[in-house]
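# this one's sequence-less:
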């Protein structure tokens, strides 16, 4: 009786062991080549060589008088189709532009890799005329010469030929080039409530340049201001108020470029000091109009192609956005183009609506500009949410 019980337990143990082994073998077989098993299902359905070799893990058999499915999976060996008749092109990777990364010279200025041919930054369509001072033009030509050849990523342009849905790992090298050019454009709300801030900024021009020179010696500074659309209910349209909305105020305006990007920090301080504040009625300001023009008017602002571009936006109020223009009878959507006259003033303030957040985000990305929101504490939460919707802003 004891012998029968022992034999029964042994049989159950052996059966359990065999079941575990068979399950392990089956699992290993199913996991050994998922791509191969998948290709055996998808490849035979490809009836042309073109479709076949574009599909991941598929090969084409070009053998004459071949009676089986010509498109087959990569897991099938030479017994299915001789290797000399198997069409299985590999991925192609070609470096089109591969200048070496820049290295810092003894003087602190980055030296570019060899074989560089400068590509010109195409100008956007604009209904405005260019407005540059002679001093800023000369500084632009000299500073851009030292920064235009800097290379921070390798390779710059490549060409890939890949099968559909096939992953290809590309090695890229990146370095932070020393003394890389920086363009900083200060865009300020000059409504009456910002008068104290304007006075402080006028004294910080040289200090700001000194701080930036610790980062790069190739630094330029510009200045622009905004108020709001000269329409009710944004500003008072009483004739007297249109000329002088408040004491020691100038007539309201949408946006004005006071100073093209320049190395002349003394002029920056003077431009800020001379810029008069103005007045408006409602709390939100027309900052979006100003940001759009400062971003897309590349020639008028003086943005360099080879530079880190920063737009510092300063205000103590919220912002109008697309749709708010209807309050003043403006229904034409913002076209995202440059509309500055020869004096640097925005000509379409009363013609087009404010831009939307998505339009601002699009133009900021297209022009590779980092927007920095410098706002008062009471508006901080609003602009923190806005910065999450505008790529590269903070």
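Thanks, I have the structure now. Since the structure is predicted, the reported quantities are computational estimates derived from the model, not experimental observations.
# can you pull out the strands in the stretch 101-250 of the chain?
Assigned by DSSP state E, counting those that start in this stretch, the stretch 101-250 of the chain shows strands spanning 103-104, 110-111, 153-154, 157-161, 173-174, 182-189, 219-226.
# what's the least confident stretch among these?
Per-stretch mean pLDDT for the strands of the stretch 101-250 of the chain is lowest at strand 110-111 (a mean of 48).
# isn't there a helix covering residue 380?
Yes. Residue 380 sits within a helix when classified using DSSP: H, G, I helix; E, B strand; the rest coil.
# helices and strands of the protein: which one bottoms out on pLDDT?
One helix or strand of the chain scores below all others by mean pLDDT, DSSP states H and E: helix 134-147, with a mean of 41.
# okay, now the domains of this protein?
In the domain annotation for the chain, the residue ranges read 41-89, 93-116+124-174, 182-387 (automatic domain parsing).
# Out of those, indicate the one that is most buried.
domain 182-387 (a mean of 19; mean count of other Cβ atoms under 10 Å). Just so you know, the C-beta spots here come from the backbone N, C-alpha and C atoms, and that holds for glycine as well.
# Quick one: distance of it to the chain centre.
20 Å (Cα atoms, centre = their mean, to the nearest Å).
# Contact partners for the nearest residue to residue 231 once chain neighbours are set aside?
Excluding its sequence neighbours, the residue lying closest to residue 231 (Cβ to Cβ, 6 or more residues apart in numbering) is residue 328, at 3.6 Å. Applying Cβ atoms under 8 Å, 6 or more residues apart in numbering to residue 328 gives the contacts 229, 231-234, 350.
# Which of those residues sits closest to residue 289?
Ranked by distance to residue 289 (Cβ to Cβ), the contacts of residue 328 are led by residue 229 at 7.4 Å.
# what's the spacing between the closest one and residue 303?
To residue 303, residue 229 is 25 Å away according to Cβ to Cβ, to the nearest Å.
# among the contacts of residue 328, which two are most distant?
Checking those with Cβ to Cβ, the most distant pair is 233 and 350, at 13.3 Å.
# what kind of secondary structure is residue 251 in?
coil.
# Pretty sure it sits against residue 242.
Yes. Counting by Cβ atoms under 8 Å, residue 251 does reach residue 242; the two are 6.1 Å apart.
# Find the residues that touch each one of those two.
Common contact partners of residue 251 and residue 242 (Cβ under 8 Å, 6+ apart): residue 230.
# got the contacts of residue 328 as JSON lines, with pLDDT and distance to residue 158 columns?
Formatted as JSON lines, the contacts of residue 328 follow (pLDDT from 0 to 100; distance: Cβ to Cβ, whole Å):
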{"residue": "229", "pLDDT": "90", "distance to residue 158": "46"}
{"residue": "231", "pLDDT": "90", "distance to residue 158": "51"}
{"residue": "232", "pLDDT": "91", "distance to residue 158": "55"}
{"residue": "233", "pLDDT": "88", "distance to residue 158": "54"}
{"residue": "234", "pLDDT": "86", "distance to residue 158": "50"}
{"residue": "350", "pLDDT": "94", "distance to residue 158": "48"}
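# Run through the residues that contact residue 293.
Residues near residue 293 by Cβ under 8 Å, 6+ apart: 255, 257, 338-340, 346.
# Just to be sure, it is in a strand?
No. Using three-state DSSP, the assignment for residue 293 is helix, not a strand.
# Tell me the pLDDT of it.
98.
# Would you mind measuring from it to residue 318?
19 Å.
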